[in-house]
Each structure stands twice: as C-alpha cells, then as structure tokens.
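[1] model the following, please.
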Amino acid sequence: MNDVSALEAVLISKRFSGRAALADVHVAVRRGEVHGLIGPNGAGKTTLLRILLGLVRRDAGTMNMLGRAWNGAGNRLPDSVAGFVETPTFYPYLSARVNLTLLTGLDLQRRLQPRAGSSVVGQALDAVGLASSADAAVATFSAGMRQRLGIAAASLRRPSLLLLDEPTSALDPAGARDVRAQLLELAAAGAGILFASHDLVEVESICSAVTIIDRGRIAFTGSIADLRPRMPSETCVMRTSDDRAALDLAGGRAGLRATVAPEGGLDLEADADTLDAFVIALGGHRIAIRSLERRPPSLESLFLRLTGDGETT
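    Model (predicted):
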C-alpha cells in the first residue's frame, strides 16, 4: 500500500510582491504514510498547503494527486482529497451536526450521489470527541473544539490524501493525543497524510517521513530513517550563572557549537576534550556551571542546524 503515491509536488514556486515565498519546492507523500511538514514561522508551509488545496495559484511546478495530474486553483479538488489551513471555519450559529450535514450534502450533491445518512456525521463527531457537543452552536466552541470539528469535516470525505495545517495547535494534551491517534488510524487504512506542525516531538513520534522547509526552500525531504544519520552525535544541555556570557565565550572555539536551548540554558555539541576545555574556560571567567546533562540527538537539534533558527555561534 505505501508504495503507491498519494502526492507528488515538483518544483513548486510562488512569489508575492516580488518576494519568493516558495522556490522549487518538492514534496512526495505515499499512501499509508504520515509525512510531517516543518519549518520556522514564515518558511512557506501554509503557502504550500494553500497551493495543494487549490486556494492559491502557483507560479510554477507540477502536482500529481492519487496518481493523476492536478492543475490546482480554479479546478475541482479531487474527491478523495481533504484538509484545511489555519483555523477551519463553519457557520457559527448552526450546530456542529448541522454544519457537517450541510457540508456532506453539498459535497455529495456535487458528485451527484445520494445524501449521506446522519449516522456518518455522528460517527465523525464521535471520532474526534465531539459527540456530547454535536447539537451546540459552533459559536460556543473553543479554538480546540473547532480544530476537532475541522478534522471531523475532513474525515467525512473518506480521504486518500489529507492535508492539514497545525491540526493540534489549539488542543489540550488529551485532544492532541486523540487527533494523532486518528491520523495514525487513517494512515493505517491507506491514506497519505501531510501535516504542518511546530511540535517537533509530535512529528518525530508519528511521522515516517518529513520535509523541512526554510525561507521557501527545502532543507531536507525524506524518511526519518534517512534523516537520523545527519543528526549530531550527542548534545549537552548546560546551565550556568551567566548563559549570555557563556554563549559569547563559546564563539570561535573550534569544534564547539552552542545554541540557546528552548527550555533555557545552552545546547552544546562537542567532543569530550573540547567540552572539557570549555568548562575550564568558563571557570577562568568566573562563570559557574549549575548543571550539565548529556542527551541523545533529536529531530529538534537537527532542525535548528538545518534552518539556522535560534542563536548560534
């Protein structure tokens, strides 16, 4: 099943007001695969998803969905493709159930098929944990509940290709866990899934492949297995009495890479001898080491290296 292509986008380019938002971007998703799309804010992830969903016209490139060429904006999205970008929108004063019933009716009418039964809508709402709120107005929903409703709406198309933009961003931990489980279930049933996420731990936990995009260009695309050899061998997390001074002192030292750690302190990449010399140098500058912890490499550390994000020396 996973040898069959769900999506092939090749050399996708887009400019806004003379600025390149995407430049020769390529991404491929197989059936049965959860494929992560990650990058810093403004990298071009949402623009790419808008192009793939036919909401924005590309300037160049080709797209193939589910084995067929698709021309993009201005043309009908293939029936087995679904998704949303940013926050999904619904009729606010109608209930979740009525919103999904209307969407299903419009979609099936377009395909000249009979209207789906209410049980299908009920199952979709139950799958995302909204069964108890099915008859409440969407205007009363939290951002997380609207995200869940967006997943339910997309699932009604029984998608073979699902394109999602930050689907767990507004969810609490339990809600995010449930959405991840649902995505894995859809992939196990044969769907190809491409979703943008800022949560690198989430991407690493459920994705078999990833595309890293930075400033509109591809920094990496391929399997997680192919990505792992490019990860730094080991990282140390160091907290000191003056992290700013320690970061400055790290600058220019051969064999040492230092970045500001997301949780505070410094992430250090160095061999044992280089790290020992740096520790001694900190003491000579009266900078105390409050903690030093070794940890295995992660997708996040490689992401920061590939994109140049964060403060580095």
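
[2] for residue 36, grab the count of nearby residues.
    Here the number of neighbours of residue 36 (other Cβ atoms under 10 Å) works out to 24. C-beta coordinates here come from the backbone N, C-alpha and C atoms, glycine included.

[3] quick one: distance of stretch 176-193 to the chain centre.
    Between the mean C-alpha point of stretch 176-193 and the mean C-alpha point of its chain there is a distance of 14 Å (Cα atoms, centre = their mean, to the nearest Å).

[4] quick check: mean pLDDT across that stretch?
    Averaging the model's pLDDT scores along stretch 176-193 yields 89.

[5] ok, stretch 54-69 next?
    Summarised as a single mean, pLDDT over stretch 54-69 is 92.

[6] now swap in stretch 283-302 and tell me
    Mean pLDDT, taken over the full extent of stretch 283-302, equals 80.

[7] and this structure, what are its domain boundaries?
    Structural domains of the chain, as assigned by automatic domain parsing, span the residue ranges 5-227, 232-297.

[8] what's the most buried one of the ones you listed?
    With neighbours defined by mean count of other Cβ atoms under 10 Å, none of the domains of the chain is more surrounded on average than domain 5-227, at a mean of 18.

[9] determine the three-state secondary structure at the nearest residue to residue 142 once chain neighbours are set aside.
    Counting by Cβ to Cβ, 6 or more residues apart in numbering, residue 170 is the residue found nearest to residue 142 once chain neighbours are left out, at 7.5 Å. Secondary structure of residue 170, reduced to three states by DSSP: H, G, I helix; E, B strand; the rest coil: coil.

[10] contacts only, for residue 170.
    Shown here is residue 170, whose contacts under the criterion Cβ atoms under 8 Å, 6 or more residues apart in numbering are 87, 142-144, 146-147.

[11] and if we set it to 7 Å?
    Listed by Cβ atoms under 7 Å, 6 or more residues apart in numbering, the contact set of residue 170 reads 143-144, 147.

[12] nearest to residue 303, of the domains of the chain?
    Nearest to residue 303, of all the domains of the chain, is domain 5-227, at 5.9 Å by Cβ to Cβ.

[13] for residue 94, see how far away the closest residue to residue 75 other than its chain neighbours is.
    Spatially, and ignoring its direct neighbours in sequence, residue 75 is nearest to residue 54 (6.6 Å; Cβ to Cβ, 6+ apart). For residue 54, the distance to residue 94 equals 25 Å [Cβ to Cβ, to the nearest Å].

[14] one more: residue 216?
    Summarising the geometry, the distance separating residue 216 from residue 94, computed by Cβ to Cβ, is 38 Å.

[15] and stretch 92-101, end to end?
    Terminal residues of stretch 92-101 lie 14 Å apart, using Cα to Cα, to the nearest Å.

[16] avg pLDDT for it?
    The average pLDDT for stretch 92-101 rounds to 93.

[17] give me the contact list for that stretch.
    Applying Cβ under 7 Å, 6+ apart, the external contacts of stretch 92-101 come out as 90-91, 118, 121, 124-125, 130, 133-139, 149, 152-153, 156.

[18] quick one: distance of it to the chain centre.
    Stretch 92-101 sits 27 Å away from the centroid of its parent chain (Cα atoms, centre = their mean).

[19] and what of stretch 91-98?
    When distances are taken as Cα atoms, centre = their mean, stretch 91-98 is centred 28 Å away from the chain's centroid.

[20] and if you look at stretch 87-100?
    Relative to the centre of its chain, stretch 87-100 is centred 25 Å away, using Cα atoms, centre = their mean.

[21] how long is that stretch end to end?
    Terminal residues of stretch 87-100 are spaced 16 Å apart (Cα to Cα).

[22] before we move on, back to that, next, format the domains of the chain as JSON lines and append distance to residue 303.
    Putting the domains of the chain into JSON lines (distance: least, Cβ to Cβ, whole Å) gives the following:
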{"stretch": "domain 5-227", "distance to residue 303": "6"}
{"stretch": "domain 232-297", "distance to residue 303": "11"}
